[in-house]
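here's my sequence, what's the structure:
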Amino acid sequence: MVKGYFYLFLHHHLPFVKHPEYSYFHEEHWLFEAVSETYIPLLKTFYSLAEEGVNFRVTLSLTPPLCEMLRDPLLQEKFEEYLDRTVELTEKEIKRTEKDPVFNKLARFYNERFKSVKEFYTSLGRDLLKAYSDLESAGFIEIVTCGATHGLLPVLQGVEEAVKTQIKVAVKNYRKHFGKTPKGIWLPECGYYPGVEKFLKEFGIEFFLLDSHGLLYGKPFPRFGVYSPVYTPSGRVALGRDPESSKQVWSAKEGYPGDPWYRDFYRDVGFDLPLDYVKPYINPDGTRTYTGIKYYRITGDVDLGRKEPYVREKALERVKVHADHFHFCRDKQADYLKNVLGREPLIVAPFDAELFGHWWFEGPEFLYHLFKNFHEYRVIRPVLLREYLEKYPENPETQPAVSSWGDRGYFDVWVNGDNDWVYYHLTGMAKTLNRLKSTQGKTPENTRILNQMLRELLLAQSSDWTFLITTKTARAYAERRLREHINNFLKLLKMVETEKVNYKKLEEIERKNSIFQELNFWEDWG
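Numbering: from 1, shown residues only. Presented below is the predicted three-dimensional model:
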């Protein structure tokens with residue numbers, strides 16, 4: 001007997017990072033790590049479940065910048081070079097550790113793992129998007145879009161055309177990669193304000209997700225809380241995050257990924273081993289970086305120097321225990337909610353995809369065992385939204401509240417004293433495009449420059465930059481990117497206004513910031 005329904009959402013996103021001017025660029029490795037540690041392990045997990053006849057369901061976003069990078073020939077080539085370097089390092093590690101059976105076993109594990117990643121990648125013809133599309137065609141997943149460059153929509157609403165363009169360009173890019181219009185959207189950072197639905201409706205978007213308080217502070221209060229979809233006044237469907245299931249995974253204190261038997265993220269041979277030994281596999285300037293080869297487990301000690309060796313078999317035992325526990329909790333939660341609500345609840349669990357594999361190394365195995373449990377016990381049924389709406393087409397209507405996810409839930413991460421200077425420029429650039437659209441002629445030369453100006457604005461609008469400034473994890477790079485896009489915009493503006501085109505500079509900017517080749521300023525802005 002089904003007690004409830006489980007809606008897993010995995011948000012796949014990275015900012016657009018491409019540096020053709022360098023053979024090695026550190027921030028490009030964000031993509032390479034995500035592909036090798038999260039995207040391919042998750043795809044392999046989904047393929048295994050499908051082959052075993054497990055009727056799993058996952059909704060996931062593939063953001064436009066990520067889609068553009070995954071199909072960029074230069075980045076595909078660089079990714080294979082990254083894999084080859086890493087496999088070479090694992091082979092060196094096998095020789096270095098040959099007298100230590102514990103570490104030699106781990107070195108061989110990583111050697112096989114990275115070889116397997118490359119074999120899977122090449123077997124797909126480098127096209128991960130096709131793999132996702134095939135899983136969607138088989139009915140296992142649903143792919144939704146996001147803002148064009150993950151722009152935080154509530155802070156862009158001062159120039160309405162900026163919000164509209166983030167959605168319009170995202171839908172256009174989705175059609176380019178998947179051949180159809182997306183039904184859903186991950187609002188960047190779950191950033192919502194009343195009124196954004198008119199643009200969602202205009203471009204065929206039917207549903208979106210919010211953090212819990214976006215629904216719970218809605219008016220009127222939705223009858224089933226976050227445990228059913230709601231209809232907004234515009235007829236869009238909104239889903240609210242279940243805090244209980246999220247806490248069991250996300251919580252730094254109580255979440256499963258903190259188990260002492262799981263692999264530690266921070267102890268990596270790129271930092272542990274002598275510089276001369278690892279230099280060919282880290283930043284060429286000698287800056288130490290993560291290589292993905294990590295020999296230690298969390299251990300339960302904050303002192304990195306006191307970590308104990310990772311035991312893969314024990315970690316896999318623990319992941320099975322945690323999947324069983326998570327299933328047990330959803331069973332009891334759904335049993336209670338069904339009695340209270342008078343119908344089976346929809347438990348919405350959204351996560352950043354990179355949690356599974358990159359941050360939590362055993363995360364893909366956790367999902368594998370969780371879906372096996374769903375399949376075996378059949379008391380919690382994983383669903384896509386359309387499947388739940390077929391069973392329960394009538395749901396509460398409410399006006400959701402302004403909200404975001406992240407610290408404090410109201411944009412603090414992206415708008416604060418460290419990064420608020422950005423919005424002066426974003427607003428000014430958007431107003432400039434409004435002016436140019438009404439004053440410039442549609443000559444081929446103007447169109448080419450205006451297309452690139454729009455790309456520069458879109459790239460500057462990415463919420464990733466303000467996030468990185470706040471967290472200070474890559475603040476210098478984020479500020480450099482923002483200055484680059486703003487300055488590029490101003491240089492291009494001068495070319496338009498003076499009618500003196502620096503073709504060498506224009507081509508340089510176009511080559512580097514090559515996102516959205518389908519873009520047409522006259523059609524896509526506003």
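
so in this structure, which helix runs the longest?
helix 312-341 (DSSP state H).

heading C-terminal from it, find the next helix or strand.
strand 346-352 (DSSP states H and E).

ok so, going back, got the buried residues for the longest helix of the chain?
By neighbour count on 16 or more other CB atoms under 10 Å, the buried set for helix 312-341 is 315, 318-320, 322-323, 326-327, 330-331, 333-334, 337-338, 341. From N, CA and C alone the C-beta is placed, and that goes for glycine too.

repeat for stretch 354-367
354-358, 360-367.

do stretch 232-250 as well
Within stretch 232-250, judged by 16+ other CB under 10 Å, the buried ones are 232, 236-242, 245-246, 248-250.

got it, and stretch 70-88?
Buried, per 16+ other CB under 10 Å, within stretch 70-88: 70-72, 75-76, 78-79, 82-83, 85-87.

quick check: strands, which of those are part of them?
Among the buried residues of stretch 70-88, no member is found in strands (DSSP state E).

redo these as JSON lines? Include distance to residue 418.
Below are the buried residues of stretch 70-88 laid out as JSON lines (distance: CB to CB, whole Å):
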{"residue": "70", "distance to residue 418": "31"}
{"residue": "71", "distance to residue 418": "34"}
{"residue": "72", "distance to residue 418": "31"}
{"residue": "75", "distance to residue 418": "30"}
{"residue": "76", "distance to residue 418": "35"}
{"residue": "78", "distance to residue 418": "31"}
{"residue": "79", "distance to residue 418": "32"}
{"residue": "82", "distance to residue 418": "32"}
{"residue": "83", "distance to residue 418": "36"}
{"residue": "85", "distance to residue 418": "35"}
{"residue": "86", "distance to residue 418": "35"}
{"residue": "87", "distance to residue 418": "40"}
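
which ones among the buried residues of stretch 232-250 lie within helices?
245-246, 248-250.

between those, which sits nearest residue 203?
Nearest to residue 203, judged by CB to CB, of those is residue 246 at 28.8 Å.

burial count for the closest residue to the closest one other than its chain neighbours?
Spatial nearest neighbour of residue 246, excluding adjacent residues (CB to CB, 6 or more residues apart in numbering): residue 349 at 6.2 Å. Per other CB atoms under 10 Å, the neighbour tally for residue 349 reads 19.

just residue 198 next, same as before
Other residues lying near residue 198 total 13 when counted by other CB under 10 Å.

next one: residue 42
With other CB under 10 Å as criterion, residue 42 counts 23.

hang on, it packs against residue 35?
No. If you go by CB atoms under 8 Å, residue 42 and residue 35 don't touch, sitting 10.4 Å apart.

ok, now which ones touch residue 440?
Residues counted as contacts of residue 440 (CB atoms under 8 Å, 6 or more residues apart in numbering) are 446, 450, 496.

whoops, I mixed them up, residue 152
Counting by CB under 8 Å, 6+ apart, residue 152 makes contact with 188-189, 191, 404, 411, 414, 461, 463, 466.

can you give me the pLDDT of it?
Residue 152 is assigned 98 on the pLDDT scale.

mind checking how far it is from residue 133?
Using CB to CB, to the nearest Å, residue 152 is found at 28 Å from residue 133.

do the same with residue 154
Here the criterion is CB to CB. By it, residue 154 lies 31 Å from residue 133.

tell me which of these two has more neighbours.
Using other CB under 10 Å as the criterion, residue 154 and residue 133 rank with residue 154 on top: 23 against 18.

state the pLDDT value of the closest residue to that one other than its chain neighbours.
Using CB to CB, 6+ apart and skipping the chain neighbours, the partner closest in space to residue 154 is residue 193 (4.2 Å). Residue 193 carries a pLDDT value of 98.

also the one 3 residues further on?
At residue 196 the predicted local distance difference test score is 97.

test my guess that it contacts residue 163.
Yes. Assessed by CB under 8 Å, residue 196 is found in contact with residue 163 at 6.5 Å.

what about the residue nearest to residue 154, distance to residue 411?
From residue 193 across to residue 411, the span is 10 Å (CB to CB).

ok so, going back, okay if I get the ones in helices among the buried residues of stretch 232-250 as CSV plus distance to residue 477 and pLDDT?
Shown next, in CSV, are those (distance: CB to CB, whole Å; pLDDT from 0 to 100):
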residue, distance to residue 477, pLDDT
245, 34, 94
246, 29, 92
248, 33, 93
249, 28, 93
250, 26, 86
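
JSON lines please, covering these and showing distance to residue 393.
Shown next, in JSON lines, are these (distance: CB to CB, whole Å):
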{"residue": "245", "distance to residue 393": "24"}
{"residue": "246", "distance to residue 393": "27"}
{"residue": "248", "distance to residue 393": "30"}
{"residue": "249", "distance to residue 393": "30"}
{"residue": "250", "distance to residue 393": "31"}
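
out of those residues, who's nearest residue 170?
Checking these one by one against residue 170 (CB to CB), the nearest turns out to be residue 246, at 25.1 Å.

residues touching that closest one, list them.
Per CB under 8 Å, 6+ apart, neighbours of residue 246: 349-351.
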